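Q: sequence and predicted structure, then a few things I'm wondering about:
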Amino acid sequence: MTGKILKAYEAYEKKGSGWVFHAVTKLDITLAKLRPLRGGSYLPLPDCIKKKEAIINMKNFKDDECFKWAITRA
């Protein structure tokens, strides 16, 4: 990680920033587990949204690929 930071700094410095790097005094690294959003099952829309006809709400009970079917339908 340190090497990656130093390479990024060198590339930035070569662009003529005028900054001078002395030392790293503190480095915090925070890791978090990525849990991307996934399609699940069909949920009926509220009437106020359904009447606008602006959202594709696919009923696919055989698989969990609602995003793919919505894009195909659009």
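A: Great, that's in hand.

Q: can we go C-alpha only for contacts and neighbour counts from here?
A: Fine.

Q: quick one: average pLDDT of the helix ranked longest in the chain?
A: If you go by DSSP state H, the chain has its longest helix at helix 2-14. Regarding helix 2-14, the rounded mean pLDDT is 81.

Q: contacts for the very next helix or strand once past it next, please.
A: For helix 2-14, the following helix or strand on the C-terminal side (DSSP states H and E) is helix 47-50. Applying C-alpha atoms under 8 Å, 6 or more residues apart in numbering, the contact partners of helix 47-50 are Ile55.

Q: what about Lys68, how many neighbours?
A: By the criterion of other C-alpha atoms under 10 Å, Lys68 has 11 neighbours.

Q: tell me which element it falls in.
A: Using DSSP H and E, Lys68 falls within helix 66-73.

Q: circling back to that earlier point, CA atoms only: put the longest helix of the chain into PDB for me.
A: Provided in PDB are the C-alpha atoms of helix 2-14 (Å, rounded to 0.1, in the frame of the first residue of the first chain):
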ATOM      1  CA  THR A   2       2.900   2.400   0.800                       C
ATOM      2  CA  GLY A   3       4.400   1.800  -2.600                       C
ATOM      3  CA  LYS A   4       1.100   2.600  -4.300                       C
ATOM      4  CA  ILE A   5       0.700   5.800  -2.300                       C
ATOM      5  CA  LEU A   6       4.300   6.900  -3.200                       C
ATOM      6  CA  LYS A   7       3.800   6.200  -6.900                       C
ATOM      7  CA  ALA A   8       0.600   8.200  -6.900                       C
ATOM      8  CA  TYR A   9       2.400  11.100  -5.100                       C
ATOM      9  CA  GLU A  10       5.300  11.000  -7.600                       C
ATOM     10  CA  ALA A  11       2.800  11.200 -10.500                       C
ATOM     11  CA  TYR A  12       1.100  14.100  -8.800                       C
ATOM     12  CA  GLU A  13       4.400  15.900  -8.100                       C
ATOM     13  CA  LYS A  14       5.600  15.500 -11.800                       C
END
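
Q: buried sites along stretch 43-54?
A: By neighbour count with 16 or more other C-alpha atoms under 10 Å, stretch 43-54 contains no buried residues.

Q: do I have it right that Trp19 meets Tyr12?
A: No. Using C-alpha atoms under 8 Å as the test, Trp19 is too far from Tyr12 to be in contact (9.3 Å).
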